[in-house]
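Engineer: when you get a sec, could you give me coordinates for this:
(2 chains)
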Amino acid sequence: MSPVLAFVNNRRVRDVFWQIAVCATAAGLIAYFVRNASDNMAKAGIASGFDFLGRTSGIELPFLLTRYTPQSTILELLWAAVVNTMTVALVAILAATLLGFALGIARLSRNWLLSNLAGAYVEVVRNIPVLFFVLFWYFAVIAALPGPREAIGIFAVAFLSNRGLTVPTPQAAGAFSLAALDSVICVGAQIAIAAWARRRRERTSRGFPLWSSGAVLVAGVPLLAFAAAVAATPWDIPVLRGFNYRGGFVLIPEFVALVAALATYAAAFIAEIVRGGILAVPKGQLEAARALGLGPGQVLRLVVIPQALRVMVPPLTSQYLNVLKNSSLGAAIGFPELMNVFVGSALNITGQAVEIIAITLGIYLAIGLAVSALMNWYNARVALVTQ
Amino acid sequence: MFIRRVVLGAAVTSLLPVASLAQQLAPSPTLDAIKARGHVECGVHLGLPGFSFANDKGEWSGIDVDYCRAVAAAVLGDAGKVKYTPTSVQQRWPVLQSGQVDLLSRNTTITFSRNASLGVNFQGINFYEGQTFVVRAKAGAKEPKDLDGATICVAAGSTEEKTAADWYAERKLKVTIINFQKNDDAIAAYDAGRCDAYTAGLGALAGQRIKLKETGEHLIMTETISNDPQGPVTRWGDERWQAVVRWTLNGTIAAEALGVTSRNVDEMKAKSTNAEVRRLLGVEGNFGQLLGLSNDWIYQVIKQVGNYGESYERTWAWARRSSLPAARTSCGRRVDCCTPRRSSESGIRDQVSGIRCRDSSFLLIPDP
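Structural biologist: Predicted coordinates for the structure are as follows:
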């Protein structure tokens, strides 16, 4: 065989060749589409490029966790929207997980009423479109709350109305930083004590009142420190003036409604995942655990859940991603998340649809992949270690 | 004005021999496509009484819808050959840019940045809108500045969103603005008590008021915080099509100024001795042909749809019948829902009658 033929027939050479060919085709296609789009946009007189990110936005947002103002740039507007999206998704995911676990376990309960209630909840919620759920929660939340003039006062410092929950904000952070530092030191000390007590117990089998030291170090001292910080800090307390409360921070009803809708919706799916995961644990494991004399709580905590988690984590990941993506429905109820602020307002101000849609897609993709990566890491940790 | 007439006259005169000899027209893919498919694709509002609104039988009406019909009459000779594409605030630009519709006739405010960066052209004004607020009467707010501290619902991506933010920021007043995807979502949230006010144009509010549960408990403020001239929009390119859209609107306004209505148009066409009327209706000259249309294109528009004033009366008469409490008194004859302008631009006195107040002679077809 000639050396040329041998080179061409070499399997590794062929593999590399095909990979390069596929990558080059993909890159070429993308380049072609980008060029084609920008040429056509230039011909149609549509502005293009990313300069618009530096322009002043001029848009008011009702819910902010960043230092954005209407005088800020569109890039800062984008960041404020991303933070809002991530906050809503995070809170909803936490709440959905807690509620979903409770429902899933309740559905397996031997109590007839409890298991059937949980089953009915799952069946009803799973079969309702999520947009309907969001609107239902929104109008339910608004309708349930009084106007600002009849707001429900909580110790005369926080006020609940259909404009949201207005809470006082600290005007200085110094005292709180000290309290937090103090708490960290105390918790660290408790962890050290626990490790020392464990070693001593293993060596001498003498017990140590860990609960008492924990009560003081983890609960008592930090609580006192924070109470002192609350007293020492000047507060911006909301006051009713004219139409609404002035001052403080407002947790708007759109946020509450969106979190409630996403959490209660995803919980129904998570409940089924939890139930499936638990049922996937072989019955022999349960019997063996009971034979060892473990109580029902211990069986669940030490034997069932760790094994069920392995089955549950991959489908849980896709539910979490669904929550993230469904958070874009906040646009329908005026919650300033990525879809509403960037694709709704910013797109119309700048008119640069291609760039804005591409940025939005990229951000959802990045957050989604990050969630995926985190869950995969967790999955690898709980997965069965095989030889 | 004289110079403009001379220039326009010269331009038309120089074109005449060419047009009459060989009918050599600039290519117009849009006009060709409309003639081939047999109807005009018109982008309208999702549903805004007075502008574009479909009744329970699916029949569209409103001043913007009338304009779509006028274009169909001008191009195809039949005002009924229109297909309406309802668009939201956010959908309207992609729908126009992508060529899905031939024009937008959708109470869209004329702004510089839209013209400069969206690849669209505005073809004249068919409504002078001004932004204001609707509030609950018991809240006691009479003017926009009384809304200090208030929460305001608005449609995201509308000019109102930014105008309201700018207006209050300039006056150092604090308002909370909640953006919704659609006008209807924003109104529903206002009606449910989420907001103290809902903001939109005065004309739009007059129509949207019927969507509120207790219409009588709400007050539309008379003071406006913006001047929002609105009119039909086309995309860049295809100049001949743009000229058709622009001059169909001008033709309906000119017809009103010349006293040509749908009722007397046949008589005027047969008997009028006024040279401008004769040219307008295609009795003299071949002006329609210059754009690749039939010479009686404006005749068809007036006969089937009516002049601008008739269209206005037809679409806004209901607003006069329904009581628009505070807004009515200060307005002129045809302006049920507008207020006099304080700053006047080229003699525009108020929102709608401004079309008539303005020197309309430039709209008339000059001597050949």
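
Engineer: tell me which residue is most central in chain A.
Structural biologist: residue A:90 (1.5 Å; CA atoms, centre = their mean).

Engineer: do you know how far that residue is from chain B?
Structural biologist: Using CB to the nearest CB, to the nearest Å, residue A:90 is found at 22 Å from chain B. C-beta coordinates here come from the backbone N, C-alpha and C atoms, glycine included.

Engineer: tell me which residues of the helix or strand that residue falls within are tucked away?
Structural biologist: Per DSSP states H and E: residue A:90 is located in helix A:74-107. For helix A:74-107, a neighbour-count test (16 or more other CB atoms under 10 Å in any protein chain shown) marks A:74, A:76-78, A:80-93, A:95-97, A:99-101, A:103-107 as buried.

Engineer: show me what from the stretch 151-300 of chain B comes close to chain A.
Structural biologist: Neighbours of chain A within the stretch 151-300 of chain B, by CB under 8 Å from any CB of the partner chain: B:151, B:153, B:156-158, B:161-162, B:164-166, B:169, B:174-181, B:185-186, B:188-189, B:192-194, B:196, B:235-237.

Engineer: out of those, which are buried?
Structural biologist: Buried among those by 16+ other CB under 10 Å: B:151, B:153, B:156-158, B:161-162, B:164-165, B:169, B:174-181, B:185-186, B:188-189, B:192-194, B:196, B:235-236.

Engineer: please flag which of the residues of the stretch 151-300 of chain B next to chain A sit within helices.
Structural biologist: Mapping these onto helices (DSSP state H) picks out B:161, B:162, B:164, B:165, B:166, B:169, B:185, B:186, B:188, B:189.

Engineer: show the pLDDT at the residue of chain A found nearest chain B.
Structural biologist: Of all residues in chain A, residue A:348 sits closest to chain B, at 3.0 Å by CB to the nearest CB. On the pLDDT scale, residue A:348 is placed at 80.

Engineer: that one: neighbour count?
Structural biologist: By other CB atoms under 10 Å in any protein chain shown, 24 other residues sit near residue A:348.

Engineer: what about it, which SS state?
Structural biologist: When classified by DSSP: H, G, I helix; E, B strand; the rest coil, residue A:348 comes out as helix.

Engineer: check contacts around it.
Structural biologist: Listed by CB atoms under 8 Å, 6 or more residues apart in numbering or on different chains, the contact partners of residue A:348 are B:89, B:90, B:93, B:156, B:157, B:158.

Engineer: ok, so of those residues, who is nearest residue A:274?
Structural biologist: Closest approach to residue A:274 among the contacts of residue A:348 (CB to CB): residue B:156, at 37.7 Å.

Engineer: who in the stretch 201-350 of chain A is up against chain B?
Structural biologist: A:241-244, A:246, A:250, A:252-254, A:331-334, A:336, A:340-341, A:343-345, A:347-350.

Engineer: which of those count as buried?
Structural biologist: A:242-244, A:246, A:250, A:252-254, A:331-334, A:336, A:340-341, A:343-345, A:347-350.

Engineer: mark which of those are part of strands, please.
Structural biologist: Counting by DSSP state E, the part of these found in strands is A:244, A:246, A:250.

Engineer: pLDDT added to these, as CSV?
Structural biologist: Output for these, formatted as CSV (pLDDT from 0 to 100):
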residue, pLDDT
A:244, 79
A:246, 80
A:250, 86
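
Engineer: the helix holding residue A:90 - contacts with which helices or strands?
Structural biologist: helix A:112-126, helix A:253-279, helix A:305-326, helix A:338, helix A:353-382 (3 or more CB pairs under 8 Å, 6 or more residues apart in numbering or on different chains; DSSP states H and E).

Engineer: can you give me the angle the longest one makes with helix A:74-107?
Structural biologist: It stands for helix A:353-382. Calculated by axes from the mean of the first three to the mean of the last three CA atoms, to 10 degrees, helix A:353-382 forms an angle of 40 degrees with helix A:74-107.

Engineer: who does helix A:353-382 touch, helix- and strand-wise?
Structural biologist: Checked by 3+ CB pairs under 8 Å, 6+ apart, helix A:353-382 has helix A:74-107, helix A:305-326, helix A:338, helix A:347-350 packed alongside it.

Engineer: grab the nearest non-local neighbour of residue 237.
Structural biologist: Because you didn't say which chain, this covers chain A. Once flanking residues are discounted, residue A:237 sits nearest to residue A:168: 4.6 Å by CB to CB, 6 or more residues apart in numbering or on different chains.

Engineer: chain B was what I was after
Structural biologist: Using CB to CB, 6+ apart, the nearest residue to residue B:237 is residue A:44, at 6.9 Å.

Engineer: what's around the one you found, how many residues?
Structural biologist: 16.

Engineer: now residue B:85. Its backbone dihedrals?
Structural biologist: phi -110, psi 110 (degrees, to the nearest 10).

Engineer: endpoint to endpoint, stretch B:104-116 covers what distance?
Structural biologist: Using CA to CA, to the nearest Å, one end of stretch B:104-116 lies 17 Å from the other.

Engineer: buried sites along that stretch?
Structural biologist: So for stretch B:104-116, counting by 16+ other CB under 10 Å, buried means B:104, B:105, B:106, B:107, B:108, B:109, B:110, B:114.

Engineer: in helices, which of those fall?
Structural biologist: Going by DSSP H, the helices hold residue B:114 from the buried residues of stretch B:104-116.

Engineer: out of the buried residues of stretch B:104-116, which touch chain A?
Structural biologist: residue B:114.

Engineer: pull the most distant pair out of the buried residues of stretch B:104-116.
Structural biologist: Across these (CB to CB), the longest gap, 15.3 Å, separates B:105 and B:114.

Engineer: run through the residues that contact whatever residue of chain B ends up closest to chain A.
Structural biologist: Going by CB to the nearest CB, chain A is nearest to residue B:157 of chain B, at 3.0 Å. Residue B:157 sits next to A:344, A:345, A:347, A:348, A:349, B:89, B:90, B:179 when contact means CB under 8 Å, 6+ apart.

Engineer: distance to residue A:114 added to those residues, as a markdown table?
Structural biologist: Below are those laid out as a markdown table (distance: CB to CB, whole Å):
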| residue | distance to residue A:114 |
| --- | --- |
| A:344 | 43 |
| A:345 | 46 |
| A:347 | 48 |
| A:348 | 50 |
| A:349 | 52 |
| B:89 | 48 |
| B:90 | 46 |
| B:179 | 42 |
